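K.L.:
I'll drop the sequence and a predicted model, then ask my questions.
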Amino acid sequence: MRNAGNWFLFASLCCALVVTAENPAQDCCTGEVLRLAIRADNAVPFFTFSGSPIPLYQDVAPNAVTGFVPEFLAAVANSTGMTLDYYPVNNTLPPEELNTLVTDMIVNGTIDAYIDFGLDAYNFGADALGGRLSYTVPFFTSPVSGVVKLSISPTTKWTFRLPFKTDLWCKVMLGMLFVALCLLIIQCLQAYRPGDSPRVLIDRLGSVLLNVHGCFTAFYFSLAAFLAGDNYEWPSDSERILRSGWLFFSLIVVATYTANLAAFFTTPNVVVNSPPTGMNDLVFATACTVMLDAQEGAKLDTYVKSFITPPPECQYWDACGQQFCYDAVQSGRADVWIDDGLALHQYIQENSLCRTLGRLPEIKFLPFVSDIFVMMDHSEWPFVGNLSSAMAYENNKPAYLRLLNKYFMAHSACASAFQHVEVSYKEMEGLFLTTLAFCAVAVLHALGLTFVRSKTDSASKQGFDTVQSREAELSDQIAKVQTLLSGHASS
């Protein structure tokens with residue numbers, strides 16, 4: 001729907017290129033009068049009667065009926081040279097009775113034709129009606145579509161926390177604590193002194209962890225680095241490795257949060273009430289339909305759990321039927337409203353319902369299509385052929401697209417509805433694992449340096465002891481020599 005304007009312009013240009021030949025049915029029916037039966041109903045935007053009540057079973061002047069269908073047929077009449085008269089029939093009759101009545105009226109000559117609305121290509125035709133009728137090509141075709149209830153979630157004083165789900169907020173806080181713990185471990189390993197045993201290092205780490213001030217300071221350094229405001233020097237290589245991993249984590253998290261936060265503050269959050277979200281879970285939904293009567297609606301049983309229709313006095317596309325399905329969707333009696341796609345679009349646009357109804361592009365009924373066509377007696381095949389040619393010609397003119405725009409607001413679209421998406425820990429799990437790897441490398445680096453220092457100190461001490469031992473041996477030997485020399489001198 002949001003690209004309807006672009007498609008409308010593109011289609012207009014294409015139609016302007018297509019319509020180059022003359023109308024093959026131009027002035028084919030000059031002087032002929034076509035009496036068209038039509039349902040006595042105000043089915044906006046398809047057709048509307050100017051008077052009230054609508055006269056039944058009598059001729060009505062063409063200018064007394066307005067809407068998409070009369071204006072299109074007026075263009076067809078002008079090109080073919082014929083004159084149109086409308087003949088309203090009682091639309092409150094059950095579908096079977098109405099079809100039988102119209103068929104009989106066509107066969108006995110009371111009317112010349114009937115404007116009918118078909119659900120699909122299988123609910124009308126010569127086989128279905130015993131071969132007594134013939135049909136024009138559809139001059140209006142629209143896919144059957146579905147709309148669902150929308151609701152707007154208002155902003156609150158706690159909106160700032162919405163970009164992240166609660167589990168991600170908790171994991172980020174745990175990440176800060178873990179980095180602070182790694183910093184304390186690295187600092188304890190760097191405090192190694194020659195002669196310290198592993199037990200001494202463990203005792204020192206335990207005393208540091210029990211020092212509230214030291215733990216708070218480490219957590220502060222972690223938080224400050226996360227917020228890009230730290231003043232800690234991070235002097236050792238191990239600490240710098242830890243800081244690099246933590247800054248990388250902070251960059252991704254802060255950028256993601258900032259990007260989502262603006263949307264939460266400036267764009268209302270649209271909540272789609274579902275099911276359904278598409279064709280897969282449509283089978284769990286209750287549908288409301290206006291245009292499809294009980295017999296035609298029964299075909300929806302394959303796709304939905306159940307369906308409801310307006311009462312007989314609200315049948316077909318009038319204000320009463322529209323209000324019935326709108327209220328059903330808003331109140332929860334129905335999960336989805338399934339009807340003519342263009343008619344639903346026009347209803348939403350004209351009544352400014354973009355914040356309460358939303359179309360689901362995923363709902364598509366390939367066997368179903370909403371058609372408008374004219375049916376006549378089978379003996380009128382030549383006339384039906386000319387009428388179909390004229391309709392096809394008018395369908396491919398830019399004026400037809402302007403007509404769709406006029407009555408169905410085809411170029412209009414709802415402002416982009418934004419459904420906010422909260423980021424969870426699952427989406428960030430890889431980042432946490434990467435940061436954990438940095439922390440592990442930093443701690444192992446500090447541990448390795450401590451081990452090397454301890455080995456170096458041990459070797460140095462062993463060498464010093466060896467030198468002292470040799471000096472003592474040499475001193476003893478010198479003393480012995482001096483004693484021997486003294487003895488010889490005395491003798």
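P.N.:
Great, that's in hand. Residues are numbered from 1 along each chain as shown.

K.L.:
please, where are all the helices along this structure?
P.N.:
4-18, 68-80, 95-107, 166-190, 198-209, 212-226, 237-266, 294-297, 319-331, 341-350, 381-395, 398-408, 425-490 (DSSP state H).

K.L.:
mean neighbour count, distance to Val60 and mean pLDDT added to those helices, as CSV?
P.N.:
All C-beta atoms are positioned from the backbone trio N, CA, C, and that covers glycine. Formatted as CSV, the helices of the chain follow (neighbours: other C-beta atoms under 10 Å; distance: least, C-beta to C-beta, whole Å; pLDDT from 0 to 100):
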stretch, mean neighbour count, distance to Val60, mean pLDDT
helix 4-18, 14, 31, 44
helix 68-80, 21, 10, 94
helix 95-107, 16, 15, 86
helix 166-190, 19, 64, 90
helix 198-209, 13, 92, 76
helix 212-226, 16, 76, 89
helix 237-266, 17, 52, 88
helix 294-297, 16, 27, 51
helix 319-331, 18, 20, 91
helix 341-350, 22, 23, 90
helix 381-395, 20, 20, 92
helix 398-408, 19, 20, 92
helix 425-490, 13, 63, 73
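
K.L.:
now those helices in CSV, with distance to Thr156?
P.N.:
Shown next, in CSV, are those (distance: least, C-beta to C-beta, whole Å):
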stretch, distance to Thr156
helix 4-18, 34
helix 68-80, 44
helix 95-107, 50
helix 166-190, 15
helix 198-209, 39
helix 212-226, 25
helix 237-266, 10
helix 294-297, 42
helix 319-331, 23
helix 341-350, 28
helix 381-395, 51
helix 398-408, 38
helix 425-490, 23
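
K.L.:
what about the residue lying closest to Leu447 once chain neighbours are set aside, distance to Val200?
P.N.:
Closest residue in space to Leu447, ignoring its immediate chain neighbours: Leu189 at 5.9 Å, by C-beta to C-beta, 6 or more residues apart in numbering. Distance, Leu189 to Val200, using C-beta to C-beta, to the nearest Å: 12 Å.

K.L.:
now swap in Tyr220 and tell me
P.N.:
27 Å.

K.L.:
likewise for Ile363?
P.N.:
71 Å.

K.L.:
can you check Leu342 too?
P.N.:
With C-beta to C-beta as the criterion, Leu342 and Val200 are 82 Å apart.

K.L.:
check Val148 too.
P.N.:
Distance from Val148 to Val200, by C-beta to C-beta: 68 Å.

K.L.:
and what of Leu251?
P.N.:
38 Å.

K.L.:
okay but the residue nearest to Leu447 is in contact with Phe451, surely?
P.N.:
No. Leu189 lies out of contact with Phe451 (C-beta atoms under 8 Å); the separation is 9.4 Å.

K.L.:
quick check on Leu93: phi, psi?
P.N.:
phi -70, psi 150 (degrees, to the nearest 10).

K.L.:
Leu56 contacts Val89, correct?
P.N.:
Yes. Assessed by C-beta under 8 Å, Leu56 is found in contact with Val89 at 6.9 Å.

K.L.:
which neighbours do those two share?
P.N.:
Ala40 (C-beta atoms under 8 Å, 6 or more residues apart in numbering).

K.L.:
compare these two (neighbour count), which wins?
P.N.:
A count of neighbours by other C-beta atoms under 10 Å puts Val89 above the other of Leu56 and Val89, at 18 against 12.

K.L.:
got a list of what the nearest residue to that one once chain neighbours are set aside touches?
P.N.:
Leaving aside its chain neighbours, Val89 sits nearest to Ala37 (5.1 Å; criterion: C-beta to C-beta, 6+ apart). Ala37 is in contact with 86-89, 102, 105-106, 111, 113-115, counting by C-beta under 8 Å, 6+ apart.

K.L.:
specify which member of the residues you listed is nearest to Phe72.
P.N.:
Distance to Phe72 across those (C-beta to C-beta) is lowest for Ile115, with 10.6 Å.

K.L.:
my read is that Thr83 contacts Ala77, right?
P.N.:
Yes. The pair Thr83 / Ala77 is scored as a contact, 6.7 Å apart, by C-beta under 8 Å.

K.L.:
now the common contact residues for these two.
P.N.:
Leu34.

K.L.:
residues contacting stretch 312-319, please?
P.N.:
Contacts for stretch 312-319 (C-beta under 8 Å, 6+ apart): 39, 41-44, 46, 91-92, 94, 290-291, 293, 309, 320-321, 323-324, 339-340, 343.

K.L.:
now list the buried members of those.
P.N.:
Neighbour counting by 16 or more other C-beta atoms under 10 Å classes 39, 41-44, 46, 91, 290-291, 293, 309, 320-321, 324, 339-340, 343 among the contacts of stretch 312-319 as buried.

K.L.:
just the ones in strands from the residues you listed, please.
P.N.:
39, 339-340 (DSSP state E).

K.L.:
tell me the mean pLDDT for the longest strand anywhere in the chain?
P.N.:
Longest strand in the chain by number of residues (criterion: DSSP E): strand 140-153. Across strand 140-153, the average pLDDT comes to 83.

K.L.:
parallel or antiparallel, list what pairs with that strand.
P.N.:
According to DSSP bridges, strand 140-153 forms sheet pairs with strand 269-272 (antiparallel), strand 336-340 (antiparallel), strand 357-359 (antiparallel), strand 369-377 (antiparallel).

K.L.:
what's the offset of the second one from the middle of its chain?
P.N.:
I take that to be strand 336-340. 19 Å (C-alpha atoms, centre = their mean, to the nearest Å).

K.L.:
the nearest residue to Leu133 once chain neighbours are set aside: neighbour count?
P.N.:
Leaving aside its sequence neighbours, Leu133 sits nearest to Met375 (C-beta to C-beta, 6+ apart; 5.0 Å). Counted by other C-beta under 10 Å, the residues lying close to Met375 total 24.

K.L.:
tell me the contacts of Met375?
P.N.:
Counting by C-beta under 8 Å, 6+ apart, Met375 has contacts 106, 113-114, 116, 124, 133-136.

K.L.:
including distance to Thr434 and mean pLDDT, could the strands paired with strand 140-153 go into TSV?
P.N.:
Converted to TSV, those look like this (distance: least, C-beta to C-beta, whole Å; pLDDT from 0 to 100):
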stretch	distance to Thr434	mean pLDDT
strand 269-272	31	66
strand 336-340	43	88
strand 357-359	38	85
strand 369-377	52	85
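
K.L.:
right, and Glu305 touches Val283 too?
P.N.:
In this structure residue 305 is Lys, not Glu. Yes. Between Lys305 and Val283 there is a contact under C-beta under 8 Å: 6.2 Å.

K.L.:
of the helices of the chain, which approaches Gly51 most closely?
P.N.:
The stretch from the helices of the chain with the least distance to Gly51 (C-beta to C-beta) is helix 68-80; that distance is 14.2 Å.
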